[in-house]
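Student: Fold the following.
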Amino acid sequence: MLRSLIDGRPAPPSGSEPSAFYSEVSTDYLNTLSVPLLRGRFLTKFDKGDSPLVVVINQAMARRYFQNEDPLGKELARVVR
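Tutor: Numbering: from 1, shown residues only. Here you go, the predicted structure:
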């Protein structure tokens, strides 16, 4: 599970940070599953270990953490304890 802080928001109390399950996938994973892209972009071959990290989120995460905001371009910071 990824525990993260959403850039530009005040830090929540320790232990109550937003969280989500995640999987590292190949660039063709979402296309293989016929997952439609609603906004943003799919992963590409240029998204590598030495590139800026990118995240693809689902509608449930967008609704929960970005209710009245556009999630595109937002940054997440991984919380390491």
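Student: quick one: contacts for the most centrally placed residue in the chain?
Tutor: Centroid-nearest residue in the chain: V55, 3.7 Å away (criterion: CA atoms, centre = their mean). V55 is in contact with L76, counting by CB atoms under 8 Å, 6 or more residues apart in numbering. Yep, even glycine has a C-beta here, placed from its N, CA and C like the rest.
Student: now swap in F66 and tell me
Tutor: Counting by CB under 8 Å, 6+ apart, F66 has contacts 6, 74.
Student: and the gap between it and P12?
Tutor: Counting by CB to CB, to the nearest Å, the gap from F66 to P12 is 15 Å.
Student: measure stretch 40-57 end to end?
Tutor: End-to-end distance of stretch 40-57 (CA to CA, to the nearest Å): 10 Å.
Student: ugh, typo on my part, it should be stretch 33-44
Tutor: End-to-end distance of stretch 33-44 (CA to CA): 16 Å.
Student: likewise stretch 34-54?
Tutor: Its first and final residues considered, stretch 34-54 spans 20 Å by CA to CA.
Student: Only the buried residues of it, if you could.
Tutor: Buried residues in stretch 34-54, counted by 16 or more other CB atoms under 10 Å: L43.
Student: which residues touch it?
Tutor: By CB under 8 Å, 6+ apart, the list of residues contacting stretch 34-54 reads 25-27, 29-31, 56, 59, 72.
Student: will you turn the residues you listed into CSV that also has pLDDT?
Tutor: Shown next, in CSV, are those (pLDDT from 0 to 100):
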residue, pLDDT
V25, 88
S26, 89
T27, 89
Y29, 92
L30, 91
N31, 91
V56, 89
Q59, 91
L72, 92
